[in-house]
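*Asks:* what shape does this take:
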Amino acid sequence: MISTRGRYAIRVMIDLAEHENGSYVPLKDIAARQEISKKYLEIIVKDMVAGGLLTGASGKGGGYKLCRKPEEYTVGEILELMEGTLSSVACLAGKTNDCPRKATCQTLPMWADYDNMVHDFFYGKKLSDLMETHVSDPA
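*Replies:* Prediction:
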């Protein structure tokens, strides 16, 4: 399951992409628009800056902005930074599969296929794909 950290990180990234004007966007503005606690967002954006997704500046005129263009980010990289591995089972979570049952496990191919679908789905979605492009509902 994707936690609030992962979901909120994506929302922050979309917000920054949609409000990009060359200057830093204050975290209080993002928190207000997204209806998320500023205190919780401070923790999330700190990890995003450390992970190279965002750049931050403090003081007057400070805030956050994307390091790259929205079309250069994948949802998968954002989620993996915030959530860790997206693997469905522990034996596929590491770089190497050291499970002693690897050679005889009848379910391993199914889990590997599932993980590949999840990976391809999230890494096939760009941040720019999620940006607001719909027309308001007239109702």
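*Asks:* would you map the strands across the protein?
*Replies:* 54-57, 63-66 (DSSP state E).
*Asks:* pick the most buried one from those.
*Replies:* Burial of the strands of the chain is given as mean neighbour count (mean count of other C-beta atoms under 10 Å); strand 63-66 ranks first at a mean of 20. Placement of C-beta: from N, CA and C, glycine included.
*Asks:* and the strands of the chain as JSON lines, adding mean pLDDT and distance to I78?
*Replies:* Putting these into JSON lines (pLDDT from 0 to 100; distance: least, C-beta to C-beta, whole Å) gives the following:
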{"stretch": "strand 54-57", "mean pLDDT": "96", "distance to I78": "10"}
{"stretch": "strand 63-66", "mean pLDDT": "96", "distance to I78": "11"}
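*Asks:* looking at these, which is nearest to A90?
*Replies:* Nearest to A90 among the strands of the chain is strand 54-57 (30.2 Å), distances taken as C-beta to C-beta.
*Asks:* all set, thanks.
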